[in-house]
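[1] got a predicted model here, sequence first, then my questions.
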Amino acid sequence: MSKSKAPLLIGLTAAGGIGYYLYGAGGNATVAQKNAEADAHKLSAKVKSEIPGRANEAEKRAESYGAQAGAKFDSAAQKTQAEVAKAKADAEAYAKDVKASTLKKVDEFDRKVEQKTAEAKSGISSWFGGSK
């Protein structure tokens with residue numbers, strides 16, 4: 001069976017730390033304790049002083065990324081609006097062309113119908129003796 005080596009490492013680290021402070025204090029446990037507390041306080045103060053700076057730095061980075069993302073979004077929105085406007089103009093032009101073409105075909109059809117109607121009238125009236 002394998003056992004975890006974490007408790008052993010934690011114990012050795014703690015013993016090493018205690019030994020360091022005791023050796024620095026000349027074997028006096030009270031002085032060693034005061035030195036350890038002073039070092040812990042310095043470390044805590046250092047960490048606490050760095051956290052706001054890192055928070056401000058992170059906030060500035062976030063604002064920068066937000067501004068970049070906003071600029072990209074605005075650019076994409078403008079491109080999309082331009083493409084929509086172009087498509088709308090193209091569709092209107094196409095509709096106008098289709099309308100003109102349809103009206104032209106209707107006019108041609110009307111002329112042919114009127115011409116054939118006129119020819120039919122003259123043919124019918126000739127049956128009944130309209131013009132000699």
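    Now that the structure is in, tell me what you want to look at. Numbering: from 1, shown residues only.

[2] please make it C-alpha for all contacts and neighbour counts, starting now.
    OK.

[3] pLDDT averaged over the helix or strand that residue 10 is a member of - what is it?
    When elements are assigned from DSSP states H and E, residue 10 belongs to helix 6-24. For helix 6-24, the mean per-residue pLDDT is 85.

[4] what is that helix packed up against?
    Judged by 3 or more C-alpha pairs under 8 Å, 6 or more residues apart in numbering; DSSP states H and E, helix 6-24 is in contact with helix 29-127.

[5] what angle do helix 6-24 and the helix it packs on make with each other?
    Angle of helix 29-127 versus helix 6-24, following axes from the mean of the first three to the mean of the last three C-alpha atoms, to 10 degrees, is 130 degrees.

[6] what is the mean pLDDT for helix 29-127?
    The average pLDDT for helix 29-127 rounds to 86.

[7] SS state for residue 27?
    What DSSP: H, G, I helix; E, B strand; the rest coil gives for residue 27 is coil.

[8] neighbours around residue 29, how many?
    14 (other C-alpha atoms under 10 Å).

[9] and it, what is it in contact with?
    For residue 29, the contacting residues are residue 22, by C-alpha atoms under 8 Å, 6 or more residues apart in numbering.

[10] contacting residues around residue 124?
    Per C-alpha under 8 Å, 6+ apart, neighbours of residue 124: none.

[11] how close does it sit to residue 110?
    Noted for residue 124: a distance of 21 Å to residue 110, by C-alpha to C-alpha, to the nearest Å.

[12] next one: residue 32
    Counting by C-alpha to C-alpha - residue 32 and residue 110 are separated by 114 Å.

[13] neighbour count winner among these two?
    residue 32 (20 against 12).

[14] wait, that one touches residue 38, no?
    No: the criterion here is C-alpha atoms under 8 Å, and residue 32 misses it with residue 38 at 9.8 Å.

[15] buried ones in stretch 36-56?
    By neighbour count on 16 or more other C-alpha atoms under 10 Å, the buried set for stretch 36-56 is residue 36.

[16] ok, residues contacting it?
    Contacts of stretch 36-56 (C-alpha under 8 Å, 6+ apart): residue 21.

[17] burial count for residue 60?
    Other residues lying near residue 60 total 12 when counted by other C-alpha under 10 Å.
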